[in-house]
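# I would like the atomic coordinates for the input below:
(one chain, ligands or ions: 1)
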Amino acid sequence: MTVPAFPREKQPAGTPSQGGVAYPPHNEGSAISAAALLAELQTHEIGRALRVLEQTTSTVDAAREWLNQGAPNGAVVIAQRQTQGRGRLGRSWASPAGGLWLTVILRPHWDVGAVGLLGLATALAAAEAVEKETGARIQLRWPNDLMLGGRKVGGVLIETELDGRIVAAALVSIGVNVNFALGELPEEARGSATTVLEATGKLHPLPQLATRLLETLEGGLGAVTDDPQALQTLWRARDALRGKQVCVEVAGKMLRGRAAGVDRQGRLLLATSLLGRTALATGEVTLVREEGREGPQVRAE
Ligand code: BTN
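Here you go, the predicted structure:
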């Protein structure tokens with residue numbers, strides 16, 4: 001597609017990070033400056049300590065290094081591009097300039113049972129932020145894929161450090177394909193992925209999106225321990241799988257059933273003829289094509 005010009009009135013205040021990425025002129029609104037972001041950000045902890053990198057292997061690597069050096073709860077690493085971005089299940093994650101690539105460092109001291117809900121809360125915050133800032137309608141595919149028009153537009157990756165059952169630290173990462181054309185993704189991803197630019201035909205300022213996402217996430221994190229039911233309800237409103245026939249691969253075995261939402265621990269509820277209703281904490285979901293129903297066979301990563 002032809003990349004449109006960035007709307008003048010939407011260009012961010014401030015300057016790109018020092019020696020910033022050489023964005024093509026049409027994409028200059030994608031540059032994020034730490035100073036400009038901090039000037040706008042209305043949070044107590046999330047993003048108050050902030051590093052914006054022009055390029056890194058992965059924000060997860062940069063965040064882990066910072067964590068080991070004593071980063072405070074809520075510290076955030078944002079990269080303009082990643083050279084070795086990674087996704088769930090050991091997959092690689094293409095991360096060209098124009099995407100939102102970030103990791104939040106948490107020291108939550110929650111029971112490990114809360115990690116499923118942390119993933120849901122993070123995906124919900126990202127969905128809400130993307131929708132509010134770009135107008136693109138975002139659905140969620142369990143466990144935490146952001147979907148736009150039936151295609152994957154973003155994802156969440158959570159890595160934890162446990163002290164027994166206590167989550168001593170969590171690296172909560174979000175990736176959203178925003179201001180770049182589909183052609184910048186590897187060929188094998190193009191059939192099932194999209195970008196906000198591709199779907200809306202417009203560029204959207206990344207600094208505002210990052211700010212909104214961090215603010216929304218701070219609110220959502222409270223709900224992980226205080227109000228799981230609220231997360232369950234919000235998930236229901238965006239659930240891309242609910243009522244659909246799916247296959248879930250769990251530990252090498254295939255389970256087939258109808259997706260029936262998520263429980264208060266963030267597990268996928270599956271209504272199966274064999275086991276009745278069952279709750280799954282992990283797994284890889286594939287939508288089953290049904291007679292008379294539209295939509296491609298889609299793999300959830
Ligand atoms: C998924 O597989 O759906 C999760 C994708 C997570 C991508 C983000 S981008 C920021 C952070 N750095 C990475 O290398 N991965 C995550």
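# Just the buried positions in stretch 109-119, please.
Buried positions in stretch 109-119, judged by neighbour count with 16 or more other Cβ atoms under 10 Å: 110, 114-119. The way it works is simple: take the backbone N, C-alpha and C, and place the C-beta from them, glycine included.
# List the contacts of the one residue in the chain that gets nearest to the ligand.
Here the residue of the chain nearest the ligand is Gly155; by Cβ to the nearest ligand atom that distance is 2.0 Å. Gly155 sits next to 87-88, 93, 144-146, 174-175, 301 when contact means Cβ atoms under 8 Å, 6 or more residues apart in numbering.
# can you list contacts of stretch 165-174?
For stretch 165-174, contacts defined as Cβ under 8 Å, 6+ apart pick out 59-60, 63-64, 67, 100-115, 118, 122, 126, 154-162, 213, 217.
# For the chain, what lies in contact range of the ligand?
For the chain, the residues in contact with the ligand (Cβ under 6 Å from any ligand atom) are 58-60, 82, 85-88, 91, 93, 95, 101-103, 145, 155-157, 173, 175, 301.
# Now a ChimeraX select for only the buried ones of these.
Applying 16+ other Cβ under 10 Å to the residues of the chain next to the ligand leaves a buried subset, and the ChimeraX line that selects it is:
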select :58,59,60,82,85,86,87,88,93,95,101,102,103,145,155,156,157,173,175,301
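# quick revisit: going by neighbour count, list what's buried in the host helix or strand of the residue of the chain closest to the ligand.
Assigned by DSSP states H and E, Gly155 falls within strand 151-163. Judged by neighbour count (16+ other Cβ under 10 Å), strand 151-163 contains these buried residues: 151-158, 160.
# Format the residues you listed as CSV; extra columns: pLDDT.
Formatted as CSV, these follow (pLDDT from 0 to 100):
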residue, pLDDT
Arg151, 96
Lys152, 97
Val153, 98
Gly154, 98
Gly155, 98
Val156, 98
Leu157, 98
Ile158, 97
Thr160, 98
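# Which neighbouring elements make contact with whichever helix or strand Leu214 is part of?
Element membership for Leu214 (DSSP H and E) is helix 206-226. Counting contacts by 3 or more Cβ pairs under 8 Å, 6 or more residues apart in numbering; DSSP states H and E, helix 206-226 is packed against helix 34-40, strand 100-106, helix 115-134, strand 166-176, helix 228-238.
# Quick check: next helix or strand after the fourth one?
In this case it means strand 166-176. Taking DSSP H and E, what comes next after strand 166-176 is helix 196-200.
# May I have that following helix exported as PDB, CA atoms only?
This file holds the C-alpha atoms of helix 196-200, laid out as PDB (Å, rounded to 0.1, in the frame of the first residue of the first chain):
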ATOM      1  CA  VAL A 196      -3.100  -0.500  12.000                       C
ATOM      2  CA  LEU A 197      -1.900   1.500   9.000                       C
ATOM      3  CA  GLU A 198      -3.000  -1.200   6.700                       C
ATOM      4  CA  ALA A 199      -6.400  -1.400   8.200                       C
ATOM      5  CA  THR A 200      -7.200   2.300   8.700                       C
END
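# Give me the buried stretch members for it, please.
196-199.
# tell me what it is packed against?
helix 115-134.
# And for the helix or strand just after the helix it packs on, what's in contact with it?
Using DSSP H and E, the helix or strand that follows helix 115-134 towards the C-terminus is strand 139-141. For strand 139-141, contacts defined as Cβ under 8 Å, 6+ apart pick out 120, 123-124, 127, 146-148, 152, 235, 238-241, 285, 300.
# Go again with 10 Å.
120, 123-124, 126-127, 131, 145-150, 152-156, 234-242, 244, 246, 259, 262, 285, 287, 298-301 (Cβ atoms under 10 Å, 6 or more residues apart in numbering).
# picking that back up, bridging residues for the residue of the chain closest to the ligand?
Gly155 forms beta bridges with Asp145, Gly175, as assigned by DSSP bridges.
# Would you mind measuring from it to Ala71?
Distance, Gly155 to Ala71, using Cβ to Cβ, to the nearest Å: 23 Å.
# same question, Gly99
23 Å.
# Thank you, goodbye.
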